[in-house]
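# Provided below for reference: sequence and predicted model.
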Amino acid sequence: MSKVFLKKGKDESVKRFHPWIFSGAIFKMDGNPEEGDLVEIYNSDGDYVGCGHYQNATIAVRVLSFDRSALKSDFWFKSLEAAFTKREHLGLT
């Protein structure tokens, strides 16, 4: 999996759980991700801050998880199940 390293101070929005990484916040990338590839996100100190999917656009990474252990094989199943349950409770199913 490719790695995205953020410029110093550009991890502040991620710390507040904002789901977007703008292209201008990226310092460097290890690897050569293609559109839609999963990437790991690190701050300028090399600390893991999240994982997301990459796009060659203004919004370069859309964060899927801020927890390293969350992206396991059942990630999508659990995410869809939680969304459906929430909609059920709201009467939107």
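Cool, the structure landed. Residues are numbered from 1 along each chain as shown.
# Wait, F27 touches K3, no?
No: checked against C-beta atoms under 8 Å, the pair F27 and K3 is beyond contact range at 11.0 Å. No exception for glycine: its C-beta is placed from N, CA and C like everyone else's.
# State the number of residues packed around K72.
9 (other C-beta atoms under 10 Å).
# Look up how far S79 lies from it.
The gap separating K72 from S79 is 11 Å, by C-beta to C-beta, to the nearest Å.
# Contacts made by the longest helix seen in the chain with the rest, please.
Ranked by residue count under DSSP state H, the longest helix found in the chain is helix 75-89. The contact list for helix 75-89 (C-beta atoms under 8 Å, 6 or more residues apart in numbering) reads L64, S65, T93.
# what do you get if the cut-off is 7 Å, keeping everything else the same?
T93 (C-beta atoms under 7 Å, 6 or more residues apart in numbering).
# Cool, thanks, signing off.
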